[in-house]
Each structure stands twice: as C-alpha cells, then as structure tokens.
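Quick one, what's the 3D model for this:
(2 chains)
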Protein chains: 2
Amino acid sequence: MTQTMVLGIDIGGTNTKYGLVDNNGQIHIQGSISTIGHAGPGAFVTALHAEIQKVAGGIKITGIGVGAPNGNINTGEIIFAPNMPWRGIIPLAKLLETAFGVPTILTNDANAAAIGEMKFGAAKGIKDFILVTLGTGVGSGFVANGQLIYGHDGFAGELGHMIAIRNGRICGCGRKGCLEAYTSATGIVKTAHEWLEAGKESTLSKSATITSEGIYKAAVAGDAMAIDLLGYTGSILGMTLADAVAVTSPEAIIFFGGLAQAGDLLLGHVKNHLEANLLNIYQNKIKILPSALPGSDSAILGAAALVNN
Amino acid sequence: MTQTMVLGIDIGGTNTKYGLVDNNGQIHIQGSISTIGHAGPGAFVTALHAEIQKVAGGIKITGIGVGAPNGNINTGEIIFAPNMPWRGIIPLAKLLETAFGVPTILTNDANAAAIGEMKFGAAKGIKDFILVTLGTGVGSGFVANGQLIYGHDGFAGELGHMIAIRNGRICGCGRKGCLEAYTSATGIVKTAHEWLEAGKESTLSKSATITSEGIYKAAVAGDAMAIDLLGYTGSILGMTLADAVAVTSPEAIIFFGGLAQAGDLLLGHVKNHLEANLLNIYQNKIKILPSALPGSDSAILGAAALVNN
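Numbering: from 1, shown residues only, chains lettered A, B, ... in the order given. A predicted model of the protein is given here:
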C-alpha cells in the first residue's frame, strides 16, 4: 500500500528544511536545501521539487504546509520579507501547487512553529503563549485562548519589529531600533563587530567571519566578550518582551531557532530582564522555555498540521 | 409583571457609572456616583447599593457585570490598580454579591468596553481590534478572532503599561515611561504643567486647576499650546500603538473615554504617527475610530453582557 504523507516545509532566510509527515505527526524523511543561490523563487521551487522526488520514494504527497518569513495564510504569499533572497510579493503557495500538483497552505514560519509546539512540543496544554524564533530574523507566533492570532490580514505576530530601542540601529525593514536588528543571528553578529571595532578583546576575530554559532561557542569556551554579547542580546529581548506580555499575558514564552540553543547564557538574561521590566501583575508567573522539539521539527510539524492529511 | 435586568457598572478612578440593562442591550436607567471619598471599598459598595435601590423602582436585578481598572475576570478582584483610591487586592465582585444578593462578574474596564463596542458599537462585525480607553488611566481590550484576549491569568491588554519612552516619566505603576504616564488625562495635564513651567504661553494658567477637558476646550478655542499638547499626546499614542499592532494586526483601533472626544485634534495625530511608525505590511489598513456609543455606554453594556440575563 502506498503511504500518504504531508510535506512540511520550513523556509528560512538561509536554509529550507522539509519533512514528510504522517497522520500522527511523525516525520519519516527529512532534509534541507539552500534557500539562497537560486535564480529566483521559481528556480527554488524547481530545485525543491527535484530534491523531494529524489527522497520521497514510494510516498504519495497529499498536501503541502509551509512556514515562511512574512508568509500570509490568507494569500499564500511571502510579502516583503526583509531577510529573504527574493524581494516583493512571492506567490509561493501557488508555485508549489503547480510544481507538486497538491493543495498548499502557507503561513508565517513562526506561526507554523507555534502550531508545532502547541500540538507536539513545549506548549502542549498551554492556551496562551508566545513562540519566538531566533534565526536570520526574529519571528513570533502569539497564541491566545488556544488559537493562533493571525490578525485582520494574516500578518499578526511581528515581535521582531516591535521597537526595542527608539531611533536605534537600522533594521532590514527600513525602520530604526527593531528588536530583530539586535537579537537576530545577524543582529548579534553586528553587535560583535561593533564591539570589536570599539576595541573590546575577544577570541572572536574581526578579520574572520563571525557567526551567531561562533559567538555561542566562544561564550561556552569562556570568552568574556561573547558571554557579554549573549547577555546584552538577552537583555534587549527580555525588555522588549515585557511590552508584548502587556498585550497577551502569556503563561509561557518559548524560544526556537539557532540562538535559542544558547540556553541560560541567553535565556537566563532574557528571564531576568523580562522580570525587571514587567508590570507587577505579570511578575514571577511566566515560564521561559526552549523548544521541546529537535531542530526545525516544530516548524515542519506545525506547517504540516495546517493541511488535512 | 416585574421587569428583570442586569446591572452594568463601569468603575473609573474618579466616577462610577451604572445602567440597568435589559435582554436587548437597552439601558433603561443610568446614573453615577463618585468612586472617591468613601472610607473604603465596603463603604463604596454600600453607597452604590443605596443609590441603586433608590433608582431601580420595581426592576428586579438578576445579575451584575462590572468593568473596573485592573479587574480580573478569573478572581473577581481589582488588583493593584494604580489609579484607584483603594490599594492592594479588592474582592469587589464578592462585596457586590453580598450587598445585592445576585451573581456578579467583574472584568477589566477596557475589556468591558471592548465587549460593548463589539456587541453594540463601533466594532460590530469586526473580529480583530484594539479598544483603547483614555481616562484617568489608559486601558485597553484586545480582540482577536472575535474573542477578547484575557491571557493566562485574566490580565491581558495593558497597553497603558507598554513603554512609550524608555526611562521616561515615572508612572503610577512605579515604572518609567509607560504610555499611560503621557496619554492619560493625568498624563496630558502633567505635560501641560511641564510646558507652562518651561515658559510656554497659553490661556491655560498654571495657578488654576488644569484638566484634560480644559485642555481640549482651550485647543478648540485656538490656544496654540493646547493644540500642541493634543498633538504631542497623539504622537506618543500613535508611536506606541505601532508596537501593539505588530502583535495583533487589528482591523481597527477604537478610542473610548474623555480624551477620545477630542476627535481629530488628538486622533488625527494618532493616525499620522501610527502610520509613520508601522512596519510596511501594516500601513494604510487600520481604521482609527471613536467609540460609537455615548458616554460610558460601551463599558456598561459590555459589563452587563458578561452576565446571562
């Protein structure tokens, strides 16, 4: 008997991860391709289709669920995503439907991860939470009353574009001081360069390529500047999250993505600065949790869960 | 036949308004008593009960719905409300139940107003909106997917305690730079005093009592400083709302309370500064609307709607 599965796709600014997911939320086959280096979104979809045909074997794909930066569930488009290689409005769900010949639902990558965590991960049984993705950008999914907040036009949940520092660092979106400009992988690398330029000592070298992963590794190895970088990044994140808490009063804030793996070196500072900035009625109540699913699984599973298998 | 109605109560930092509301959301009898000047919350409830007995005539009250600052729907308490005459935790629903002998549901005043606007006012048919109350404090009710966001513990929707200006003016909550410290009735009066102290010319006198209503009237009469005061207040409100929009992406923002009546002199600036600070995907989509119900009616009707009549 042919197995039928849903293809869950997590599109990031750098890499695109996928998984073939069964009815029970089990990922059977997974892998990734680069998001960058294609001639355009059409070429990207062609490459992804070729990859899936290669790995799927006898599995029949019945539908596709996609999480993507600035993905809009109402239109199936990626719209003006500042951290993506493609500009403007990309009708990605339509491109995938044409290539694969199956129904495709696309949403914001962080919304997909929130659904994944709610169904299978750290947010199981939690009706009010914020899912924060720390990747090339900073994304978020807000869940209230057990439902994802999509907002009037499908674009709710842009924590990364709340203003952390007014008139601060320029953001990829063109405005100033967005949380994402400081606490994304690119943001923390930018801070590292600024600090090195200012003469701070570190095992991180300004001549070599600095990555957020490299900063985390240096911090684990005891590099004082790297430790301070994670602390500074966590403080801005905690401070800004205090404003988001004033809107939805969550039971938990769940962190997902590369930087989230820095654990207490980052999340400890997030918690301290969140608490220090909270209105008294919210204090000492909110759980700070890392994703309970490995790698990109929450986004892949959440995206797949958008589709009826 | 005895008429049965629900008592809807809107408790403000200064005045408490009430209405006897029928099954169809019609207010039959309404009035107000002072919130301040009582020996404590018990004496306040006694005074309110005496007042209602005086006005209710033959109407049988079957339940009470209350909107109050920092009101918590889960516990029926008013909890650490910075603009109320009573400190600490006030079990107001219980006090009212004891005095009136009927079931009482209490929620945040702005949440009550949001329900009122959704059922009977400017938000009819709108599933995603923010209700902002501009009174002694700044309150808010956030509605997403047609449901009020109460959050994990019933305290969601404290727009007034999002940080407008980091390390700014001290707020009644003890923190610095809250939106409420600038854009509440007390906030705008404080700005007026600061500007007069700094030597600005105005028909408003620093020796006389300045009120937000007086500022509005002076602005309508052409006083340049009063006009600028409303503009400045609107700019801070618009700027901060841009961050709230990034969370819930509303179709509309509805303004309720004394200052909201300043119309374009205030809301025009709110709209301009909101748009100037919005992430591009939210621009030119959000309606800025005043409450569509007279006086306190949306809070009274919304509070009454909490109770099954």
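
CA atoms for contacts and neighbours, from now on please.
Will do.

Any buried residues in the helix of greatest length in chain A, and which?
For chain A, the longest helix by residue count, based on DSSP state H, is helix A:224-248. For helix A:224-248, a neighbour-count test (16 or more other CA atoms under 10 Å in any protein chain shown) marks A:225-227, A:229-248 as buried.

pLDDT (mean, whole number) over that helix?
Average pLDDT, helix A:224-248: 98.

Kindly report the same for stretch A:139-151.
96.

what's the answer for stretch A:257-266, then?
88.

How far off centre is stretch A:32-40?
Relative to its parent chain, stretch A:32-40 has a centroid offset of 18 Å by CA atoms, centre = their mean, to the nearest Å.

Between the two ends of that stretch, what distance do you get?
Chord length of stretch A:32-40, first to last residue, is 18 Å (CA to CA, to the nearest Å).

outside of that stretch, which residues touch it?
Outside stretch A:32-40, the residues that touch it by CA atoms under 8 Å, 6 or more residues apart in numbering or on different chains are A:11-18, A:44, A:48, A:85-86.

May I see the buried residues of that stretch?
Those would be A:32, A:34-36, for stretch A:32-40 by 16+ other CA under 10 Å.

do the same with stretch A:211-224
Buried residues in stretch A:211-224 (16+ other CA under 10 Å): A:211-212, A:215-216, A:218-219, A:223.

I'd like these written out as TSV, with distance to chain B and secondary structure added.
Formatted as TSV, these follow (distance: CA to the nearest CA, whole Å; DSSP: H, G, I helix; E, B strand; the rest coil):
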residue	distance to chain B	secondary structure
A:T211	27	coil
A:S212	26	helix
A:I215	28	helix
A:Y216	29	helix
A:A218	32	helix
A:A219	29	helix
A:D223	31	coil
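
So of these, which two are at opposite extremes in space?
A:T211 and A:D223 (14.6 Å; CA to CA).

Can you get me the centre-to-centre distance for whichever strand or helix holds A:G31 and its chain?
Using DSSP states H and E, A:G31 sits in strand A:27-34. Centre-to-centre, strand A:27-34 and its host chain are 17 Å apart (CA atoms, centre = their mean).

ditto for stretch A:168-182
17 Å.

what's the answer for stretch A:288-295, then?
Its chain's average C-alpha position is 12 Å from that of stretch A:288-295, according to CA atoms, centre = their mean.

That one and chain B in contact?
No - residues of stretch A:288-295 contacting chain B under CA under 8 Å from any CA of the partner chain: none, with a closest distance of 14.3 Å.

For that stretch, give the mean pLDDT please.
Stretch A:288-295 carries an average pLDDT of 88.

Just the CA atoms of it, as PDB, please.
What follows is stretch A:288-295, C-alpha atoms only, in PDB (Å, rounded to 0.1, in the frame of the first residue of the first chain):
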ATOM      1  CA  ILE A 288      10.800  30.800  29.700                       C
ATOM      2  CA  LEU A 289      11.200  27.600  27.800                       C
ATOM      3  CA  PRO A 290      13.300  26.400  24.900                       C
ATOM      4  CA  SER A 291      11.600  24.500  22.100                       C
ATOM      5  CA  ALA A 292      10.900  20.900  23.100                       C
ATOM      6  CA  LEU A 293      11.400  19.600  19.600                       C
ATOM      7  CA  PRO A 294      14.700  18.900  17.800                       C
ATOM      8  CA  GLY A 295      16.000  21.300  15.100                       C
END
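
show me where pLDDT drops low in the stretch 1-150 of chain A?
A:1 (pLDDT under 70).

Show me the helices in it, by range?
Taking DSSP state H, counting those that start in this stretch as the test, the helices found in the stretch 1-150 of chain A are A:41-56, A:92-100, A:109-120.

Buried residues, the shortest one. List them.
Within helix A:92-100, the residues scored as buried using 16+ other CA under 10 Å are A:92-97, A:100.

just stretch A:75-92 next, same as before
Judged by neighbour count (16+ other CA under 10 Å), stretch A:75-92 contains these buried residues: A:75-84, A:86, A:90-92.

So for it, first residue to last residue, what's the gap.
The first and final residues of stretch A:75-92 sit 10 Å from each other (CA to CA).

And stretch A:158-174, what's buried?
Those would be A:158-165, A:169, A:171, A:173, for stretch A:158-174 by 16+ other CA under 10 Å.

now do stretch A:193-208
Counting neighbours by 16+ other CA under 10 Å, the buried set in stretch A:193-208 is A:193, A:195-196, A:204.

Name the residues that touch that stretch?
With contacts defined as CA under 8 Å, 6+ apart, stretch A:193-208 is touched by A:210, A:214-215, A:218, A:223-226.

Which residues of the stretch 1-150 of chain A lie near chain B?
Residues of the stretch 1-150 of chain A lying near chain B (CA under 8 Å from any CA): A:79-80, A:127-128, A:142, A:144-145, A:149-150.

and if we set it to 7 Å?
Residues of the stretch 1-150 of chain A lying close to chain B (CA under 7 Å from any CA of the partner chain) are A:128, A:144-145, A:149.

Among these, name the ones in strands.
A:A144 (DSSP state E).

Can you tell me which of the residues of the stretch 1-150 of chain A next to chain B comes closest to B:L301?
A:N145 (23.1 Å).

per-domain residue ranges of chain A.
A:4-114+A:296-305, A:126-290 (automatic domain parsing).

possible to save those as JSON lines with distance to B:A262?
Compiled in JSON lines, the domains of chain A are given as follows (distance: least, CA to CA, whole Å):
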{"stretch": "domain A:4-114+A:296-305", "distance to B:A262": "36"}
{"stretch": "domain A:126-290", "distance to B:A262": "25"}
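
Chain B contacts on the stretch 151-300 of chain A?
A:151-152, A:155-159, A:161-163, A:243, A:246-251, A:279.

What values do phi and psi take at the residue in the stretch 1-150 of chain A positioned nearest to chain B?
Ranked by CA to the nearest CA, the top residue of the stretch 1-150 of chain A for proximity to chain B is A:D128, at 5.6 Å. The phi and psi torsions at A:D128 (degrees, to the nearest 10) take the values phi -130, psi 110.

my guess is it contacts A:I149, does it?
No - counting by CA atoms under 7 Å, A:D128 does not reach A:I149; the two are 10.5 Å apart.

Quick check: neighbours shared by these two?
A:V143 (CA atoms under 7 Å, 6 or more residues apart in numbering or on different chains).

returning to that earlier point: hmm, which of the contacts of stretch A:32-40 are the buried ones?
A:11-13, A:16-18, A:44, A:48, A:86.

Wasn't A:I253 part of a helix?
No - A:I253: not assigned to a helix; according to DSSP: H, G, I helix; E, B strand; the rest coil it is strand.
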